[in-house]
Each structure stands twice: as C-alpha cells, then as structure tokens.
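**Student:** Model the following, please.
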Amino acid sequence: MLFSDKKELLGLYNAVSGKQYKDPGALSVNTLENAIYMAIKNDLSFVIDSRLSLYEHQSTYSPNLPLRMLLYLADLYADLTKNENLYGRKKVMLPPPQFIIFYNGEEKQPDRRILKLSDLYEVEEEEYKLELEAVMLNINAGHNPELFRACKTLADYAEYTASIRRYAAKMPIEEAVERTITECIREGILEEFLRKYRAEAKRMSIYVYDQARHIRQERE
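**Tutor:** Down below sits the predicted model:
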C-alpha cells in the first residue's frame with residue numbers, strides 16, 4: 001500500500017539502486033494480479049529504464065523466495081511478450097530482472113543476504129544452467145542506515161513496525177497498533193498515509209503480526 005504510489009515507489013527504487021530518477025511517469029508498474037502456483041499477488045513489479053524490478057516484502061524468512069521469484073518472472077515475461085513472435089528469427093528483447101526482498105521479521109538476519117535458486121537444487125553441478133539471485137535487505141530498525149537515509153518512507157515504516165512490536169510485548173495487539181498509529185501521526189511518521197488509510201493500516205498490521213507470530217510458533 002505504501003509504495004503503490006509511483007512517487008514513493010520511484011524513491012524506493014532510487015534508494016535501492018543508487019539512481020537519481022526524478023519522473024515517476026518513467027516507471028511502468030506491471031504487478032501480477034495472480035501469480036501462477038502461489039495464487040496470490042506478487043508485491044511489486046515494474047519497469048524503468050528497460051530494467052525489470054521485482055520487490056517482495058517478507059515478515060518471515062523463507063529460503064524458497066528465489067523459486068517464487070522465478071515463477072513470478074516467468075509470468076511477467078509471458079505477459080510482456082504475449083504479442084511477440086517467439087518462433088521468429090527476430091530477437092524478442094527482454095528487460096533484465098533484479099530481485100529485491102525487504103525483510104522485517106523478528107528472526108535475526110544480516111543487513112544484506114543473497115538467496116540463490118541453486119541452493120534449492122537437489123544435486124550439485126559444476127555449472128548451473130539456470131540461476132537466480134535475490135537480494136534480501138533487512139529493513140528492521142537499526143539495519144541498513146544508508147538505505148533509510150535515502151528513503152524516508154521506508155525508514156518511517158521500520159519505525160512503525162518496531163513501535164508495534166514494542167507495545168505488543170506488553171498489551172494486546174489491537175491496542176498496540178492503535179497506540180502506534182496515534183503516536184506516529186503525532187510525530188510525523190507516515191502521517192499522511194496513516195491519516196488517509198488508518199482503518200486499513202490497523203487491520204493489515206494486526207493480520208501481518210498475527211500471521212508472523214503463528215508461523216514462528218508452528219516452527220518452534
């Protein structure tokens with residue numbers, strides 16, 4: 001929801017890539033409505049400067065993310081080339097992909113981690129004919145300070161999440177989220193977004209928190 005706005009998404013892309021694009025109109029969003037196999041939306045995908053970016057947000061760590069990214073990519077390429085002659089002699093040009101995972105789970109993870117599709121193969125090969133590398137960035141408060149300096153909205157989101165967790169440790173989750181939203185609006189943290197989408201943000205935050213807690217308890 002935060003980065004469905006093209007201006008915000010461009011700011012996030014610039015922070016991740018080190019670019020300095022100014023025009024949100026240069027960004028073409030092509031997020032999948034339904035990803036094959038998972039039967040859910042992928043979080044964000046878009047093309048800018050003839051490059052395809054796939055962004056995922058995770059509140060729990062999963063080693064299977066490269067496989068999910070591959071399935072998303074196959075669907076995206078199928079859509080991008082649906083009017084092309086794939087049997088012809090003319091090259092069908094593709095935007096090269098990059099895969100970014102924004103992680104803010106409670107399980108400890110480094111600032112940056114590379115997840116590879118080849119880590120999921122059952123046998124080792126000297127050379128893998130198909131590889132996919134995804135970069136997982138830890139967006140919990142206290143991690144990746146340069147990224148947060150480059151993207152205030154992401155930094156605000158990290159503080160919002162950290163606040164919910166602090167309060168949820170000593171009060172029911174509904175109260176923790178309500179208190180966090182009220183304080184963030186007062187302190188100018190995601191203020192405009194939370195004023196506009198207060199009810200949706202509260203409902204989604206409670207759901208994500210409960211889902212992550214459930215997965216953690218099942219794993220334990």
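**Student:** Could you pull out the helices in the chain for me?
**Tutor:** 6-17, 65-80, 145-150, 152-168, 173-187, 191-196, 198-219 (DSSP state H).
**Student:** who wins for proximity to Glu133 among the ones you listed?
**Tutor:** helix 65-80 (7.4 Å; CB to CB). All C-beta spots, glycine's among them, are computed from the backbone N, C-alpha and C.
**Student:** And the helix or strand of the chain with the lowest mean pLDDT, how far out from the chain middle?
**Tutor:** Here the helix or strand of the chain ranked lowest by mean pLDDT, DSSP states H and E is helix 198-219, holding a mean of 79. In this view, helix 198-219 has its centroid 16 Å away from the chain centroid, taken as CA atoms, centre = their mean, to the nearest Å.
**Student:** Also stretch 156-171?
**Tutor:** Distance, centroid of stretch 156-171 to centroid of chain: 19 Å (CA atoms, centre = their mean).
**Student:** what sits up against that stretch?
**Tutor:** Applying CB atoms under 8 Å, 6 or more residues apart in numbering, the contact partners of stretch 156-171 are 2, 104, 106, 139-141, 148, 173, 175-177, 179-180, 183-184, 189-190, 205, 209.
**Student:** switch the cut-off to 6 Å
**Tutor:** Asn104, Ile139, Ala141, Ala176, Val177, Arg179, Thr180, Cys184, Ile189, Leu190 (CB atoms under 6 Å, 6 or more residues apart in numbering).
**Student:** farthest pair in the residues you listed?
**Tutor:** Going by CB to CB, the pair spanning the contacts of stretch 156-171 furthest: Ile139 and Arg179, at 21.8 Å.
**Student:** Neighbour count: the two, which is higher?
**Tutor:** Ile139 (22 against 16; other CB atoms under 10 Å).
**Student:** distance from the centroid: which residue in the chain tops it?
**Tutor:** Arg89 (36.9 Å; CA atoms, centre = their mean).
**Student:** Tell me where the model's unsure across this structure.
**Tutor:** Where the chain drops to pLDDT under 70, the residues are 32-42, 212, 214, 216.
**Student:** rerun at 50
**Tutor:** Scanning the chain for pLDDT under 50 picks out 34-40.
**Student:** which one is Ile164 nearest to, not counting chain neighbours?
**Tutor:** Thr180 (4.8 Å; CB to CB, 6 or more residues apart in numbering).
**Student:** In contact with the nearest residue to Leu130 once chain neighbours are set aside: list those residues for me.
**Tutor:** Closest residue to Leu130 apart from its sequence neighbours, by CB to CB, 6+ apart: Leu117 at 6.8 Å. Going by CB under 6 Å, 6+ apart, Leu117 touches Pro66, Glu131, Leu132.
**Student:** and if we set it to 7 Å?
**Tutor:** Pro66, Leu67, Leu70, Leu130, Glu131, Leu132 (CB atoms under 7 Å, 6 or more residues apart in numbering).
**Student:** most surrounded residue in those?
**Tutor:** So for the contacts of Leu117 (other CB under 10 Å), the most neighbours sit at Pro66, 22 neighbours.
**Student:** Now do that residue against Ser45, distance only.
**Tutor:** 15 Å (CB to CB, to the nearest Å).
**Student:** same question, Tyr160
**Tutor:** From Tyr160 to Ser45 the distance is 24 Å (CB to CB).
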